[in-house]
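Peer 1: Got a sequence here, can you model it:
(one chain, ligands or ions: 1)
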Amino acid sequence: MPKPTIVKKGDTLAKIAAAQLGDAKLASLLVSYNGLAGARDIVVGQAIHLPPRADVAAAKAPRRKGRAQARSGGPIRPWPAAPNGLAAILEMFGDPAPFVLPDGTVSPKWEIQQIARAKLPFPIPYTGNPAVMITKIACHKKLVPLFEAVFADIQAQGLQGSVKTYGGGYVARMKRGQSKPSTHTWGIAIDLNDRTNAMGTAGDIDPKLVALFEGYGFVWGGRWSGANKDPMHFQYCSGY
Ligand SMILES: [Zn+2]
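Peer 2: Model (predicted):
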């Protein structure tokens with residue numbers, strides 16, 4: 001991954017896009033890739049991550065057949081690539097450590113800064129109370145378009161019936177039995193069908209659902225071994 005650019009006094013996203021990506025118009029790509037609210041949502045000292053070359057090339061390419069895409073103005077993949085290892089996760093999605101309060105809980109400021117909501121194309125019963133239908137899931141702000149694309153694809157592929165219950169997305173907590181943050185703390189993981197997919201079991205997740213998530217770069221906890229096996233769990237990072 002290229003090094004992020006640090007915002008200096010007088011910088012604008014258009015300036016950064018012109019200098020780093022060769023085209024001031026690609027400021028909108030930087031907005032979506034960094035999960036910003038808009039082109040003015042930057043402050044001095046902020047790290048602006050540069051999208052992979054393929055995404056930049058796709059955004060620059062004349063849009064011959066992408067009329068719908070041109071209308072939405074978005075790049076082909078308006079979310080970052082899945083990071084590998086803790087250092088890359090911290091760089092991409094932020095460090096919750098300064099937000100951990102003396103009692104071990106995480107300050108609400110963390111959620112305010114990093115977490116947003118992705119709209120689901122179909123409601124999913126909540127495991128904690130199946131009478132409650134979930135229509136939006138809390139996840140990292142940079143991954144809102146990713147989760148929306150994944151669930152739209154689940155619906156498009158007719159796999160809606162394989163998603164039986166929603167166990168949780170963003171939850172600020174430590175990994176089970178450990179003192180390091182769970183990937184749920186960054187809002188980059190989701191638990192599905194948890195009633196029948198407890199940790200350490202083979203579970204009954206539809207392999208087509210697994211293939212779909214993996215196609216988007218998710219790691220499936222059902223591939224882990226022994227007691228770590230976690231078939232309900234999908235996370236958008238590896239090496240952690
Ligand atoms: Zn999980």
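
Peer 1: Return the helix or strand in this structure with minimum mean pLDDT.
Peer 2: helix 67-72 (a mean of 44; mean pLDDT, DSSP states H and E).

Peer 1: got the residues of this protein near the ion?
Peer 2: By Cβ under 5 Å from the ion, the residues of the chain that approach the ion are 189, 191, 233. Any C-beta I mention is one placed from the backbone N, CA and C, and that applies to glycine too.

Peer 1: Give me the contacts around the next helix or strand after the least confident helix or strand of the chain.
Peer 2: Counting by DSSP states H and E, the next helix or strand C-terminal to helix 67-72 is helix 86-93. Applying Cβ atoms under 8 Å, 6 or more residues apart in numbering, the external contacts of helix 86-93 come out as 1, 4, 47, 49, 80, 83, 114, 140, 142, 180, 183, 186-188, 237, 239-240.

Peer 1: Could you give the average pLDDT over helix 86-93?
Peer 2: Mean pLDDT, helix 86-93: 96.

Peer 1: ok, longest helix in the protein?
Peer 2: Longest helix in the chain, counting residues (DSSP state H): helix 144-156.

Peer 1: Identify all contacting residues around it.
Peer 2: Contacts for helix 144-156 (Cβ under 8 Å, 6+ apart): 32, 35, 74, 78-79, 116-122, 137, 139, 160, 162-163, 169, 190, 209, 212-213, 216, 218, 236.

Peer 1: Show me what the next helix-or-strand element following that helix is packed up against.
Peer 2: Using DSSP H and E, the helix or strand that follows helix 144-156 in sequence is strand 166-168. Strand 166-168 sits against strand 115-126, strand 189-192, with contacts defined as 3 or more Cβ pairs under 8 Å, 6 or more residues apart in numbering; DSSP states H and E.

Peer 1: report the angle between the axes of the first one and helix 144-156?
Peer 2: Strand 115-126 runs at 30 degrees relative to helix 144-156, counting by axes from the mean of the first three to the mean of the last three Cα atoms, to 10 degrees.

Peer 1: can I get the CA coordinates of strand 115-126 in CSV?
Peer 2: Output in CSV follows, covering the C-alpha atoms of strand 115-126 (Å, rounded to 0.1, in the frame of the first residue of the first chain):
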residue,chain,number,x,y,z
ILE,A,115,-18.6,4.1,13.0
ALA,A,116,-21.4,4.6,10.5
ARG,A,117,-24.4,2.6,9.3
ALA,A,118,-24.9,0.6,6.2
LYS,A,119,-28.4,0.1,4.9
LEU,A,120,-29.5,-3.5,4.2
PRO,A,121,-31.5,-4.3,1.1
PHE,A,122,-33.6,-6.8,3.1
PRO,A,123,-34.3,-7.0,6.9
ILE,A,124,-32.5,-9.6,9.0
PRO,A,125,-33.9,-10.9,12.3
TYR,A,126,-31.7,-9.9,15.3
